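Undergrad: sequence plus predicted model, see below.
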Amino acid sequence: MCECGCISVIGLIAYVLLFVGGLNWGLVGALDFNLVTWLFGEGTLITRVVYSLVGIAAITSIVMVIVHYIKKSRV
């Protein structure tokens, strides 16, 4: 997060990717339908890239939350 409380571009991208990943896993759990493989094919490079980006977004979000609370606790 920025000093003003707004979210960074990296944070916004991470949240969008987390939304996509969460929606995909929700569809897998509820309907046994994998949106990513339906769109891009099973085992294709683009599918693997999407899954990797969602994983990186999750790690980025975890780091952002930890940094935010560390900064908040110092104030």
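TA: Thanks, I have it.
Undergrad: just the element for residue 26, please.
TA: For residue 26, the host element (DSSP states H and E) is helix 9-31.
Undergrad: model confidence over that helix, on average?
TA: The predicted model gives helix 9-31 an average pLDDT of 94.
Undergrad: which other helices and strands does whichever helix or strand comes after that helix contact?
TA: The helix or strand immediately downstream of helix 9-31 is helix 35-40, counting by DSSP H and E. Contact here means 3 or more C-beta pairs under 8 Å, 6 or more residues apart in numbering; DSSP states H and E; on that basis helix 35-40 packs against helix 9-31, helix 45-74. Just so you know, the C-beta spots here come from the backbone N, C-alpha and C atoms, and that holds for glycine as well.
Undergrad: save these as a markdown table, and put in distance to residue 37 too.
TA: As requested, the helices and strands packed on helix 35-40 are exported to a markdown table (distance: least, C-beta to C-beta, whole Å):
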| stretch | distance to residue 37 |
| --- | --- |
| helix 9-31 | 9 |
| helix 45-74 | 6 |
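Undergrad: buried residues, stretch 10-18. List them.
TA: By neighbour count, with 16 or more other C-beta atoms under 10 Å as the criterion, the buried positions of stretch 10-18 are 11, 14, 17.
Undergrad: how many neighbours does residue 29 have?
TA: By the criterion of other C-beta atoms under 10 Å, residue 29 has 9 neighbours.
Undergrad: nearest to residue 39, of the helices and strands packed on helix 35-40?
TA: helix 45-74 (8.3 Å; C-beta to C-beta).
Undergrad: starting at the chain centroid, how far to that closest one?
TA: In terms of C-alpha atoms, centre = their mean, to the nearest Å, the gap separating the centre of helix 45-74 from the centre of its chain is 7 Å.
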